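Undergrad: Make a model of this:
(3 chains)
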Amino acid sequence: MADTSFSTRLLTWWDRHGRKNLPWQNERTPYRVWVAEIMLQQTQVKTVIPYFERFTARFPDMNTLADASVDEVLALWSGLGYYARARNLLRTAKICAEQHTGELPLTPEALLALPGIGESTANAIWSQANNHPAVVLDGNVQRVFARHDAIAGWPGKSSVRRKLWSAAEQVLPESRGADYTQAVMDLGATLCTRKNPVCDQCPVNSDCSSFRTGTVEQLPTPRPRLKITAHSFHVLILIDDQGRVLLERRPPTGIWGGLWSLPEHHNRQALEQRLGVEHDDMQSLPSLRHQLTHMKMTIHPHIGPAKPLATGVECNQDQRWFGPQDWSKIGLPKPIRQLLESHLAGDTTMSIRK
DNA sequence: AATTCGGGGTA
DNA sequence: TACCCAGAATT
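TA: Reported below is the predicted structural model:
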């Protein structure tokens, strides 16, 4: 068997052991593959599945999605992270609805031109839609070829990424592009894993350089240490006489871009002054910590009544009152959603206002 | 070419 | 805790 090609051995293995019942596989339409590919960027399959089910149930096709509001799309994305993906998804849907009669354009170049679709994702969609082999280079595939061809260096570096792309390109099959894309990703996800890889079951171990030299566990090279910055800020939970909470829309760039969140500032006094509330009316809640990949934040919440008549707080496009029943309809940052739901589940009027 | 975007899975 | 996950856009 070792004299058959890499792709033949891989496909034979995949036919017997590959994953074939993932939600985006049983009805493998370009639309569903696209939604799945975007959700799966930097996000594990297990995490994505419930989000994918909810999202495609609400938006079963391109035109339905194109007509959605950004708030509803972000609501269904809430908790998944990397919210630019959701905004780009909606942008792409609108482009497809207006310029491509509600369909994804199925060429690599046209896909690459759409927001949120890079080289790897374009090829992943294209290969699965057209069954034409193409290089896909997600984290799984990077690991497979870093080991197979003993390519050292962190794959996040462009020089390393070019080598990996070339290695992947050289072993593409001539046919069965859709299955091959699944197969090479499945190999990385199920056998060629980061820790404890199952090399003795690997269909391509006979030509794997790092397996031969016993360096599988050393590759791929880990990313350089991130310096995790600490951020601390205050948020206000202002409740009006109807039990609604004041939320502000965050700017489209930066963390939690486009989501609704509580009024926030690193300086409590400045925050209270901006919102026009009395310091003594506010009751501090326990601080909560939220850890992200590149920062750890400490949130200091303060809760109290709003004074609609005395404050200059107006309702506008970026600042509105939302009741508990509205929170599921908008995108909220994970810790903010948890904060609201844990302290304000149900009726909020009685426990806060005196 | 390096940095910035979330949140969670896993050992 | 450390590291990574079906990466792309921005700086």
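Undergrad: Show me which residues of the stretch 51-200 of chain A are close to DNA strand C?
TA: Proximity of the stretch 51-200 of chain A to DNA strand C, by C-beta under 7 Å from any atom of the strand, involves residues A:82, A:84, A:88, A:114-122, A:124, A:138-140, A:142-143, A:156, A:182, A:185-186, A:188-189, A:194. Where C-beta positions appear, they are placed from N, C-alpha and C, glycine not excepted.
Undergrad: are any of these buried, and which?
TA: A:88, A:114, A:116-117, A:119-122, A:124, A:138-140, A:142-143, A:182, A:185-186, A:188-189 (16 or more other C-beta atoms under 10 Å).
Undergrad: Report the contact partners of residue A:41.
TA: The contact partners of residue A:41, by C-beta atoms under 8 Å, 6 or more residues apart in numbering, come to A:82, A:85, A:121.
Undergrad: What distance do you get for it to residue A:95?
TA: Using C-beta to C-beta, to the nearest Å, residue A:41 is found at 19 Å from residue A:95.
Undergrad: ok, and the closest non-adjacent residue to residue A:31?
TA: In this structure, residue A:31 finds its nearest non-sequential neighbour in residue A:62, 5.4 Å apart by C-beta to C-beta, 6 or more residues apart in numbering.
Undergrad: what's the answer for residue A:290, then?
TA: residue A:335 (4.3 Å).
Undergrad: roughly how far apart are whatever residue of the stretch 1-150 of chain A ends up closest to DNA strand C and residue A:40?
TA: The minimum distance from the stretch 1-150 of chain A to DNA strand C, using C-beta to the nearest atom of the strand, falls at residue A:118 (2.4 Å). From residue A:118 across to residue A:40, the span is 13 Å (C-beta to C-beta).
Undergrad: now swap in residue A:343 and tell me
TA: 33 Å.
Undergrad: thinking again about what came up before, what's the pLDDT at the residue nearest to residue A:290?
TA: Looking at residue A:335, its pLDDT is 96.
Undergrad: Could you do the one 4 residues further on as well?
TA: As summarised for this prediction, residue A:339 has a pLDDT of 95.
Undergrad: got the contact list for it?
TA: A:235, A:237, A:262, A:285, A:288, A:299, A:301.
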